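Student: sequence and predicted structure, then a few things I'm wondering about:
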Amino acid sequence: MDSVTAVPHPRSVPADSARSSRLSLALALLFGALGAAVALLATRQRWSQGTATVAGGAFPLTARGSDVTGVPAALAIVGLAALVAVFAVRRAGRLAVSALLTLSGAGIVAAALVGASDDSALDEQAAKASGDTSATVASFTHTAWPYVAVAGGALILLAGLLALRYGRQWPAMSGRYERGDAPRRQRTAEPVDPDRPEEIWKALDRGEDPTGPDPA
């Protein structure tokens, strides 16, 4: 008895591919935008605190993320720009921008982890407060905000990995206008009678120039 082999529907594979493309695009946009916002917010918060000994006694000092390192904030902006640029380029350009997006996320993670235990910004403040260039802080502690920046960088890193894996399937910004709208408008352009105002308004609504030369 002959066995019957099930043949997959020819449309199932393209449908699955399109679904994966849409899902990866949505996740990359979400991860990239959210990660940049989280990283930028974290760098504006207090990362570390301590005390410095001055003539009047102990003086409390605090340092924000931007005081400790400017790398996470700068890379968050670079990553956000790269996320937008992914849709403006194609082929090799898209691959390069996707790699930049990935590296931006990795750089934020590394810089934030290093900054979590960095007390140099507080030492500089202690030197200014005491007037002694060799002064250092005491009772140094750090907050959880550096690790929030790490989480933001990880989200940007995930967006970059999605762009590297699925970016070639994503649409480009300029494709619709280069191949779709312009030819259609050229085909539907109709001559306008300047003595009939209603035709002039209709032409303007279609995006045509009623004062231009007669297409005939």
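Tutor: Here it is on my side, so go on. Because the structure is predicted, anything quoted here is derived from the model rather than measured.
Student: residues in contact with stretch 34-43?
Tutor: 64-66, 70, 72-73, 75-77, 79-80, 83, 105, 108, 112, 145-146, 148-149, 151-159 (C-beta atoms under 8 Å, 6 or more residues apart in numbering). In short, each C-beta sits where N, CA and C put it, glycine included.
Student: just the ones in strands from these, please.
Tutor: residue 64 (DSSP state E).
Student: how is this structure partitioned into domains?
Tutor: According to automatic domain parsing, the chain comprises the domains 18-171, 189-216.
Student: which one of these has the most crowded surroundings?
Tutor: Most buried of the domains of the chain by mean neighbour count (mean count of other C-beta atoms under 10 Å) is domain 18-171; its value is a mean of 19.
Student: residue ranges for the strands of the protein, please.
Tutor: For the chain, applying DSSP E gives strands covering 46-54, 57-64, 138-142.
Student: tabulate the ones you listed (TSV), appending mean pLDDT.
Tutor: Converted to TSV, the strands of the chain look like this (pLDDT from 0 to 100):
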stretch	mean pLDDT
strand 46-54	83
strand 57-64	81
strand 138-142	80
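Student: where in the chain is pLDDT low?
Tutor: Across the chain, the ranges flagged by pLDDT under 70 are 1-16, 54-57, 129-136, 173-216.
Student: can you show me the helices along it?
Tutor: With DSSP state H as the criterion, the chain has helices at 12-43, 65-68, 71-85, 92-115, 120-130, 145-166, 175-176, 182-188, 197-205.
Student: who's in contact with the fourth one?
Tutor: Going back to what we said before, that points to helix 92-115. Counting by C-beta under 8 Å, 6+ apart, helix 92-115 makes contact with 32, 35, 39, 42, 47, 65, 68-69, 71-72, 75-76, 78-79, 82-83, 85-86, 89, 146-147, 149-150, 152-161, 163-164, 167-168, 170, all of which sit outside it.
Student: can you do 6 Å?
Tutor: The contact list for helix 92-115 (C-beta atoms under 6 Å, 6 or more residues apart in numbering) reads 39, 68-69, 71-72, 75, 78-79, 82-83, 85-86, 89, 146, 149-150, 153-154, 156-157, 160, 163-164, 167.
Student: over to the second one?
Tutor: Helix 65-68 is contacted from outside by 42-43, 47, 115, 118, 121, using C-beta under 6 Å, 6+ apart.
Student: out of the helices of the chain, flag the one nearest residue 53.
Tutor: Residue 53 lies closest to helix 120-130 among the helices of the chain, at 6.8 Å (C-beta to C-beta).
Student: what's the angle from the closest one to strand 46-54?
Tutor: 30 degrees (axes from the mean of the first three to the mean of the last three C-alpha atoms, to 10 degrees).
Student: still on that earlier bit, wait, which of the helices of the chain is closest to residue 52?
Tutor: That would be helix 120-130 among those, by C-beta to C-beta, at 3.6 Å.
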